[in-house]
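Got a sequence here, can you model it:
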Amino acid sequence: MFAARYYSAGDIRVEEDEDPKVSEADDIIVEVALCGICGTDLHEYQSGPIVTPTAPHPLTGAQLPQILGHEFSGPIVDRGPGAADLPLRTKVAVMPSVVCPKCFFCRRGMQALCVNFASIGLSAESGGLARYAKVKPYHVAPLPEMMSFEEGALVEPAAVAAYGVERGNLVGGDNVMIVGAGPIGILSALYADAMGAGSITIIEPNPQRAKLARELQLGPVLDPNLEETTVALRQTTHGLGMDLVIECSGTGPGLGLSIGHTRRRGSIVQTGLHTKPTQIDAMKLSENE
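Have a look, this model is predicted:
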């Protein structure tokens with residue numbers, strides 16, 4: 001098979017690799033139908049290695065070069081006897097987290113905080129930017145027949161967005177601001193709308209992304225670089241500030257804007273990943289207690 005392997009910043013090579021084989025009883029081989037490109041992949045390409053391991057990972061043993069891709073779906077084409085309850089050709093979405101499951105957090109059902117955490121497509125043997133990927137039963141979620149592989153590949157990023165909105169404890173009627181209209185920002189806005197947000201305001205300086213966001217007709221899409229944006233945000237909340245802000249840009253200015261426009265006792269969820277240290281005005285936080 002061919003696979004996209006990441007070596008270092010600016011260095012991704014499409015190379016021929018051996019097809020993964022079932023070697024343990026609970027191995028599953030998924031033929032990748034579609035794979036998304038996450039912001040994390042872009043960060044690795046532009047500024048990495050960040051989370052891709054330069055030395056053998058303590059849990060998986062993987063190290064660079066790494067097959068990228070962790071947002072993917074496809075049919076099961078082979079599996080060991082330990083996964084016999086999953087029929088061949090079952091359509092699945094892949095949950096990429098690889099966990100121990102023996103650490104303090106895993107034993108308490110908080111696998112996302114596993115101290116040995118790894119990820120398919122970032123720090124494991126397989127990745128979605130290849131024809132086949134080897135996973136375990138806990139990695140796959142069977143898809144209903146009416147769901148397409150395109151929708152299946154969106155399950156992982158949609159789960160990220162939904163988790164962020166839920167962590168903000170959204171209450172029906174809340175004024176919500178989404179900072180950044182990339183894929184996670186758009187999915188967060190859609191989820192907030194489905195959860196009953198009273199208003200949704202999207203902040204996005206990129207004209208192309210702003211145009212796509214406006215086509216969804218979820219609410220105003222504002223440019224943070226324009227003075228009238230501050231006026232519009234204050235009018236939306238009658239000067240109180242937003243009840244909930246989901247920061248999806250992963251930028252210092254985006255986080256600063258979030259802090260400056262959240263009401264007292266409001267919530268800010270930092271969903272976007274920062275690739276470098278960010279400065280904030282901590283006094284603004286004291287005003288929002």
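
Would you confirm that V171 contacts D243?
Yes: V171 sits in contact with D243 when judged by Cβ atoms under 8 Å, with a separation of 7.4 Å. C-beta here means a position set from N, CA and C on the backbone, and glycine is covered the same way.

okay, the two: which has more neighbours?
Neighbours were tallied for V171 and for D243 using other Cβ atoms under 10 Å; the higher tally belongs to D243 (23 against 12).

and the more buried one, what is it in contact with?
If you count contacts by Cβ atoms under 8 Å, 6 or more residues apart in numbering, D243 has them with L170, V171, D174, N175, V176, T237, R263, G266, S267.

same deal with I259?
Contact analysis of I259 by Cβ under 8 Å, 6+ apart lists I268, I280, D281, K284, L285, N288.

which other residues reach stretch 113-120?
Contacts for stretch 113-120 (Cβ under 8 Å, 6+ apart): 51, 57-60, 62, 70, 94, 96-101, 103-106, 124, 126-128, 133, 135, 139.

what do you get if the cut-off is 7 Å, keeping everything else the same?
For stretch 113-120, contacts defined as Cβ atoms under 7 Å, 6 or more residues apart in numbering pick out 57-60, 70, 94, 96-100, 103, 105-106, 124, 126-127, 133, 135, 139.

Ok, stretch 16-32 next?
In contact with stretch 16-32 (Cβ under 7 Å, 6+ apart) are residues 1-3, 72, 74-83, 86, 92, 94, 126, 128, 130-137, 140.

Buried among the residues you listed? Make that a ChimeraX selection.
Buried residues within these, by 16 or more other Cβ atoms under 10 Å, are selected in ChimeraX with:
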select :3,72,74,75,76,78,79,80,83,92,94,126,128,130,132,133,134,135,136,140
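
Out of the contacts of stretch 16-32, name the ones that lie in strands.
Judged by DSSP state E, strands contain the following of the contacts of stretch 16-32: 2-3, 72, 74-79, 92, 94, 132-135, 140.

In this structure L68 contacts G121, no?
Yes: using Cβ atoms under 7 Å, L68 is in contact with G121, at 5.4 Å.

The two: which has the busier surroundings?
For L68 versus G121, neighbours defined as other Cβ under 10 Å are more numerous around G121 (28 against 25).

lowest-pLDDT helix or strand in this structure?
The weakest-scoring helix or strand in the chain, judged by mean pLDDT, DSSP states H and E, is helix 282-287 (a mean of 77).

what's in contact with that helix?
By Cβ under 7 Å, 6+ apart, helix 282-287 touches I259, G260.

Then stretch 197-212?
170, 173-182, 185, 189, 192-193, 213, 218-225, 233, 236, 257.

Selecting buried members of these in PyMOL, what would you type?
In PyMOL syntax, the buried subset of the contacts of stretch 197-212 is picked out as below (16+ other Cβ under 10 Å):
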select buried, resi 170+174+175+176+177+178+179+180+181+182+185+189+192+193+213+218+219+221+222+224+233+236+257
